[in-house]
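Student: fold the following, please.
(chains A and B)
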Amino acid sequence: MSDRALAYLKEVAVAKGEPAWLDKRRKAARASFADAGFPHRRIEAWRYTDLARLMDKTDWKPAQPETGAILPPEGRSNPFGGIESWKLIFVNGFFRADLSDLAALPEGLEITSLGQALAAGTKFESIFDATGPEAIGSLADLNAACARDGAVIRVKAGVKLEKPLELIHYTTKGDGCASHLRHIVELGQDASLSVLEAQIGWGGHYLADRFMHVNLQARSNLTHVRVEDEDTQALHLTTLLAEIEADANYKATTLALGGRAGRMQSAIRFKGEGGNAVSDTAYLLRADQHLDTTMVADHAVPACNSAAQAKGVLAGRATGVFQSKVVVAPGAQKSDARQMSNALLLSRDAAMNAKPELEIYADDVQCAHGSTIGELDGDALFYLRSRGIEEPIARQLLISAFLAEVLENVPEELGREPLRERAENWFETDAEKGGSA
Amino acid sequence: MTTPLLEIRDLHVTIKSEGKEILKGISLTIPEGEVHAIMGPNGSGKSTLSNVLAGREDYEITSGHILYKGKDLTELAIEERAAAGIFLAFQYPTEIPGVTTMTFLKTAVNAQRKARGEDELNAVEFLKLVRAKAKSLNVSEDMLKRPLNVGFSGGEKKRAETLQMSLFEPALAVLDETDSGLDIDALKVVAEGVNALRAPNRSMIVITHYQRLLDYIVPDHVHVLAQGRIIRSGGKELALELEETGYAGIVESAA
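Tutor: Residues are numbered from 1 along each chain as shown, chains lettered A, B, ... in the order given. Take a look at the predicted model:
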């Protein structure tokens, strides 16, 4: 039993007048979370990110709905702004129907706010049940105990949507405000959807927790583009659970540059043969920022492919973490799992921790993992400078080239250029914030 | 008397990491418009000299001077030297994955123009310029679209270096073992490109191990570098003499 966890639940997990089925689920989640407490470094999957310690010294309180206009500071606007799409906007952890654009949803696409649906008495038991593998830690329970809103997105079998769906989160309030959101994305057989997700905050010191449960039926396709650009004082937790049926595809590309400390964790579980999951992450960190990218791929059935790649640029005293665990179940032959971490350290005080984990119980599989941690190539830098390119520009060219391998995977119509620009903007404030070596 | 373009006086250079002295008192004067060849055996300090001129930071000048257009060259940063008209054609041009040749060329040309207070070229002007120069050097559109030097053949790399030289229009070009990695046909193409860039207001230092290159790029003067010192200087016929006697003969007779 953890006192810190109890105190947090007491302040933040306040839900009154909920229906009995939900109340029961909340109680179970609260009890389970209180037992485990916040994950800490003595738990192997959390050894580089001591969330318990990060949660300390703040009197957390629940975030409140914000009703005013949302005006992001310069350079922090929605990166997907120019793309024609449906829009779901959340502010401080609450759905904002007035800012969202869900006009003329086509047949076969259902979008509901979890908060509105619960208020209307919809029963969503399965949504609150998902827990995920051990590495996820107690965060699934924490989220089930605290989340009061989110998006429920369902695409019916055979419906292929060309127009993407934006899922935008703004956090405008700090002072120890905590928000928890729970999203569900379900694609029926042969359905396809693109989700453009952004997490943007400027409130100061807050906690933003987002849990997404993805369920892909046979042969469905989900493309997921994410930008994490939280306030540099904020804590952020992103948990993605994906269940992938036969021949379904999940393809995620993430650009992360915000937050004081964060963990972006994904757990992929293959449930039918021929499933594919690709998760690419590019991240840029400086000052005291900390980002933990943790992935688990559970090859429970044969002939599935998983690939996880993270490319990080670390300046100042920033620390990066890449953990990737692959489990190949007995009999899951022809599994193909690849994990790669490349980190570029721009300063002597930056640090990177990379840890692969492989548990393979089948003999006809291909599993590859690799990690590089290095500095900018001195020869390349000299070459560019000898051509008259000033050192800061030369460094930027080389860093952009390093990240390009990830960012080029974003389809042009889903924001490749805005993401590239977002990464380039990072350099403009580089020098001031102790980014240069 | 006019100021020579480059004047090196009693230059001593060590490798920073090892403290080992590589250049042990070099003096060399390059007047404007002349082509000087520096020949020497492996380990004589040829590449060190070219790297020091370009400003590579792995070396320390322990004594002596390098005057470029009458001013202390060592006060200029690497990129400032480029803008001031110094160009080093690398023996082994560095591969830069993820940066296309075209993007690199435009960034470099405009960086130099900006440093000199000239207007930057817009995309259309630049494209026109590059296409004209690339064509004469047999640099294909495909090469320009590929990441810089990545997967280029030996000949392609040297042609790309020569293309850069023609775009930057340097006052002093240092060609470091331009012949290495080239077969005779590729060498001819590169040499033609270099010869086309000979001009009264452009000097060149051609560094090579073999006399062969100097059949195609005929120098005004030849210097022999051995064990960190220039031990002989002469006209272009000195290269032929070297070819006959080998370095051993010359190094011994100088000792």
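Student: what residue in the stretch 1-150 of chain A comes nearest to chain B?
Tutor: A:Pro79 (21.2 Å; C-beta to the nearest C-beta). Backbone N, C-alpha and C define where each C-beta goes, glycine included.
Student: was I right about that residue contacting A:Pro418?
Tutor: Yes: contact criterion C-beta atoms under 8 Å: A:Pro79 and A:Pro418 qualify, at 4.4 Å.
Student: who's in contact with the residue of the stretch 1-150 of chain A closest to chain B?
Tutor: By C-beta atoms under 8 Å, 6 or more residues apart in numbering or on different chains, the contact list for A:Pro79 reads A:Ala198, A:Val227, A:Asp229, A:Gly415, A:Pro418, A:Leu419, A:Glu421, A:Arg422.
Student: scan those residues and report the most crowded one.
Tutor: A:Gly415 (28 neighbours; other C-beta atoms under 10 Å in any protein chain shown).
Student: my read is that that one contacts A:Val225, right?
Tutor: Yes: with contacts counted by C-beta under 8 Å, A:Gly415 reaches A:Val225, the gap being 5.8 Å.
Student: can you list residues touching both of these two?
Tutor: A:Phe80, A:Leu196.
Student: still on that earlier bit, in a helix, the residue of the stretch 1-150 of chain A closest to chain B, correct?
Tutor: No: applying DSSP: H, G, I helix; E, B strand; the rest coil, one finds A:Pro79 to be coil, outside a helix.
Student: assign a three-state SS to the nearest residue to A:Phe80 once chain neighbours are set aside, would you?
Tutor: Sequence neighbours aside, A:Leu196 is the residue nearest to A:Phe80 in space, at 4.5 Å (criterion: C-beta to C-beta, 6 or more residues apart in numbering or on different chains). Assigned by three-state DSSP, the conformation of A:Leu196 is strand.
Student: can you check A:Ala423 too?
Tutor: Criterion first, three-state DSSP; result for A:Ala423: helix.
Student: quick one, what contacts the residue of the stretch 51-200 of chain B found nearest chain A?
Tutor: The stretch 51-200 of chain B approaches chain A most closely through B:Gly98 (2.6 Å), counting by C-beta to the nearest C-beta. Going by C-beta under 8 Å, 6+ apart, B:Gly98 touches A:Leu398, A:Ser400, A:Ala401, A:Phe402, A:Ala404, A:Glu405, B:Pro147.
Student: nearest to A:Thr253 among these?
Tutor: A:Thr253 lies nearest to A:Glu405 out of the contacts of B:Gly98, by C-beta to C-beta, at 10.9 Å.
Student: so what does the helix or strand containing that closest one touch, helix or strand wise?
Tutor: Using DSSP states H and E, A:Glu405 falls within helix A:391-407. Applying 3 or more C-beta pairs under 8 Å, 6 or more residues apart in numbering or on different chains; DSSP states H and E, we find helix A:391-407 packed against strand A:249-256, strand A:276-285, strand A:305-314, strand A:336-345, helix A:378-385, helix A:416-428, helix B:78-83, helix B:101-115.
Student: can you list the buried residues in the longest helix seen in chain B?
Tutor: Taking DSSP state H as the criterion, chain B has its longest helix at helix B:237-254. Within helix B:237-254, the residues scored as buried using 16 or more other C-beta atoms under 10 Å in any protein chain shown are B:Leu238, B:Ala239, B:Leu242, B:Tyr247, B:Ile250, B:Val251.
Student: so who does the third one touch?
Tutor: B:Leu242 is in contact with B:Met39, B:Gln211, B:Val222, B:Val224, B:Ile250, counting by C-beta under 8 Å, 6+ apart.
Student: count of residues packed around the residue of the stretch 301-437 of chain A found nearest chain B?
Tutor: Closest to chain B within the stretch 301-437 of chain A is A:Ala401: 2.6 Å, counting by C-beta to the nearest C-beta. By other C-beta under 10 Å, 18 other residues sit near A:Ala401.
Student: what residues are up against it?
Tutor: A:Ala401 sits in contact with B:Ile96, B:Pro97, B:Gly98, B:Val99, B:Pro147, where contact means C-beta under 8 Å, 6+ apart.
Student: please apply the same query to A:Ala135.
Tutor: A:Ala45, A:Gln265, A:Ala267, A:Thr294, A:Val296, A:Gln323, A:Lys325.
Student: and the contacts of the one helix or strand A:Thr112 maps to?
Tutor: For A:Thr112, the host element (DSSP H and E) is strand A:109-113. Residues outside strand A:109-113 that contact it (C-beta under 8 Å, 6+ apart) are A:86, A:88, A:95, A:97, A:102, A:105, A:122, A:149-156, A:159, A:161, A:165, A:193.
Student: can you do 6 Å?
Tutor: A:Phe95, A:Leu102, A:Val152, A:Ile153, A:Arg154, A:Val155 (C-beta atoms under 6 Å, 6 or more residues apart in numbering or on different chains).
Student: name the surrounding residues that touch stretch B:194-209.
Tutor: Counting by C-beta under 6 Å, 6+ apart, B:5, B:30, B:32-39, B:46, B:50, B:166, B:172-177, B:179, B:217 sit against stretch B:194-209.
Student: from these, which ones fall inside strands?
Tutor: B:Ile30, B:Val35, B:His36, B:Ala37, B:Ile38, B:Met39, B:Leu172, B:Ala173, B:Val174, B:Leu175, B:Asp176 (DSSP state E).
Student: what's the neighbour count on the third one?
Tutor: Close neighbours of B:His36, defined as other C-beta under 10 Å, add up to 20.
Student: now do the same contact list for it.
Tutor: Taking C-beta under 6 Å, 6+ apart, one finds B:Ile30, B:Ile205, B:Pro219, B:His221 in contact with B:His36.
Student: measure it to B:Val206 for me?
Tutor: Relative to B:Val206, B:His36 is positioned 7 Å away (C-beta to C-beta, to the nearest Å).
Student: follow-up on the earlier one: and the contacts of B:Gly98 as CSV, adding pLDDT and distance to A:His40?
Tutor: Shown next, in CSV, are the contacts of B:Gly98 (pLDDT from 0 to 100; distance: C-beta to C-beta, whole Å):
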residue, pLDDT, distance to A:His40
A:Leu398, 94, 37
A:Ser400, 92, 37
A:Ala401, 93, 38
A:Phe402, 94, 33
A:Ala404, 92, 37
A:Glu405, 90, 34
B:Pro147, 94, 44
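Student: could you find the closest non-adjacent residue to the residue of the stretch 151-300 of chain A found nearest chain B?
Tutor: Minimum separation of the stretch 151-300 of chain A from chain B (C-beta to the nearest C-beta) falls at A:Ala282, amounting to 12.3 Å. Of all residues not flanking A:Ala282 in the chain, A:Val406 sits nearest, at 4.0 Å (C-beta to C-beta, 6+ apart).
Student: tell me, how many residues neighbour that neighbour?
Tutor: That count, for A:Val406 with other C-beta under 10 Å as the rule, works out to 22.
Student: could you do the one 4 residues further on as well?
Tutor: Counted with other C-beta under 10 Å, the burial measure for A:Val410 works out to 23 neighbours.
Student: my guess is it contacts A:Ala252. True?
Tutor: No: when contacts are counted by C-beta atoms under 6 Å, A:Val410 is not listed as touching A:Ala252 (10.2 Å).
Student: what touches both of these two?
Tutor: By C-beta under 6 Å, 6+ apart, no residue touches both A:Val410 and A:Ala252.
Student: ok, B:Ala226 - contacts?
Tutor: Applying C-beta under 6 Å, 6+ apart, the residues contacting B:Ala226 are B:Gly40, B:Ser44, B:Val251.
Student: go with 8 Å
Tutor: B:Ala226 neighbours (C-beta under 8 Å, 6+ apart): B:Gly40, B:Pro41, B:Ser44, B:Tyr247, B:Ile250, B:Val251, B:Ala254.
Student: between those residues, which is nearest A:Leu51?
Tutor: Among the contacts of B:Ala226, and counting by C-beta to C-beta, the member closest to A:Leu51 is B:Ser44, at 60.6 Å.
Student: that's all I had, so thanks and see you.
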